[in-house]
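Undergrad: Model the following, please.
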Amino acid sequence: MNDNLDLFTTEHSELTQLLDRLDTIPPEEIRDKWPRFLVDLVDVLAHELARLDVSEAQLVAMKLAICISNYFGGRAVYLPTGEVLRAALRDYEIYADWEGDIDKLIEKYGLTQSHIYDILRRQRQLHRRRYQPDMLDALE
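TA: Model prediction:
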């Protein structure tokens, strides 16, 4: 991505100047002229930034939305629903919760025994690779 920004140095410089002046413009004036998607994006970003206790979450969210719009604007961009990420986080949690009692995991996560065992097998492999890298990989 940094390589792409270098291609538009002048444009990026202008964007930076706009972002630096953004706090002098009342948010209502900006938001009233923005497309609905960007307003919603600002709301989502501001909510998460506030949850993380970021100061000036609304202003930071607006700046992030402008940067995203500047970079991705006009493109057909697919945003996944996050199901794969949620499943990966759930699988990690299942592995962390596992104390040898499959029935507790079945009850807690509402999955079948075979599904739980499959998740544990895959997570064990990931865990092993993370902490015990393959010695053959080091030779490459």
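Undergrad: Could you list the low-pLDDT ranges of this structure?
TA: Applying pLDDT under 70 to the chain flags residues 1-11, 134-140.
Undergrad: try 80 this time
TA: Residues of the chain meeting the criterion pLDDT under 80: 1-12, 27, 30-31, 80, 132-140.
Undergrad: all helices of it, in order?
TA: Along the chain, the segments classed as helices by DSSP state H run 2-7, 9-21, 27-31, 36-51, 57-72, 83-97, 102-109, 113-131.
Undergrad: buried set for the third one?
TA: Same thing as helix 27-31. Within helix 27-31, the residues scored as buried using 16 or more other C-beta atoms under 10 Å are residue 30. Backbone N, C-alpha and C define where each C-beta goes, glycine included.
Undergrad: what's next to stretch 86-105, contact-wise?
TA: Contacts with stretch 86-105, where a contact means C-beta atoms under 8 Å, 6 or more residues apart in numbering, come from 108-109, 111, 113, 116-117, 119-120, 122-124, 127.
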